[in-house]
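Asks: Just the structure for this:
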Amino acid sequence: MHSPPEVALGILYQGDLLLLQLRDDIPTIIYPGCWAIFGGHLEIGESPLQAVKREIWEEIGFKMGNPVYFQTYSDQYAIRHVFSHPLTVPLTELNLQEGWDLGLASPADIDQGKLYSAEAQAVKPLGDRHRTILLDFLAAHQIE
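Replies: Okay, the predicted model is just below:
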């Protein structure tokens, strides 16, 4: 039996707002058309810390300084290594390279599990595992 793939996710925050990626609406990917946390698979020989920095840079052009390890979540689909880091630039300085849209979500948006996308011109759901991770993060941190 194979172990699930390892991924590194980065919770980026500005004040009490959390940056989310609206995943492409492609049926063959996990959480198509859903909001999720930026990140991706570890490459061979790469640590979760290296992976989260690389993935965030590749996906939105943001250079993370020193991400803080939050927690690891494992299930049959993935081993998710989660880090956090303040988002120190305005959204207009991010260059979305992967996904349909990006946006800042409030704790209330996370709690409700949905957020409006200007690109999709619709309210889209938050992927359930990502919502759980973000709710855990919000419960554990007083972010400002």
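Asks: And the residue nearest the centre of the protein?
Replies: For the chain, the residue nearest the mean C-alpha position is I37 (1.2 Å; C-alpha atoms, centre = their mean).
Asks: how close does it sit to I44?
Replies: Noted for I37: a distance of 23 Å to I44, by C-beta to C-beta, to the nearest Å. (C-beta placed from N, C-alpha, C; glycine too.)
Asks: cool, E59 as well?
Replies: 20 Å.
Asks: Identify the bridge partners of V123.
Replies: Bridge pairing for V123 (DSSP bridges) gives the partners Y116.
Asks: what pLDDT does it get?
Replies: For V123, the pLDDT comes out at 98.
Asks: mind starting the numbering at 660 from now?
Replies: With the count now opening at 660, the last piece we talked about shows up as V782.
Asks: shouldn't it be in contact with L774?
Replies: Yes. V782 is within contact range of L774, at 6.9 Å (criterion: C-beta atoms under 8 Å).
Asks: Have a look at these two and say which one is more surrounded.
Replies: L774 (21 against 12; other C-beta atoms under 10 Å).
Asks: residues contacting the more buried one?
Replies: L679, W694, G762, A764, D768, V782, K783, L785 (C-beta atoms under 8 Å, 6 or more residues apart in numbering).
Asks: In ChimeraX, how would I select the buried members of the residues you listed?
Replies: A single ChimeraX command suffices to select whichever of these are buried according to 16 or more other C-beta atoms under 10 Å:
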select :679,694,762,764,768,783,785
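Asks: Pick the one among the contacts of L774 closest to H740.
Replies: For the contacts of L774, the minimum distance to H740 (C-beta to C-beta) is 18.2 Å, reached by L679.
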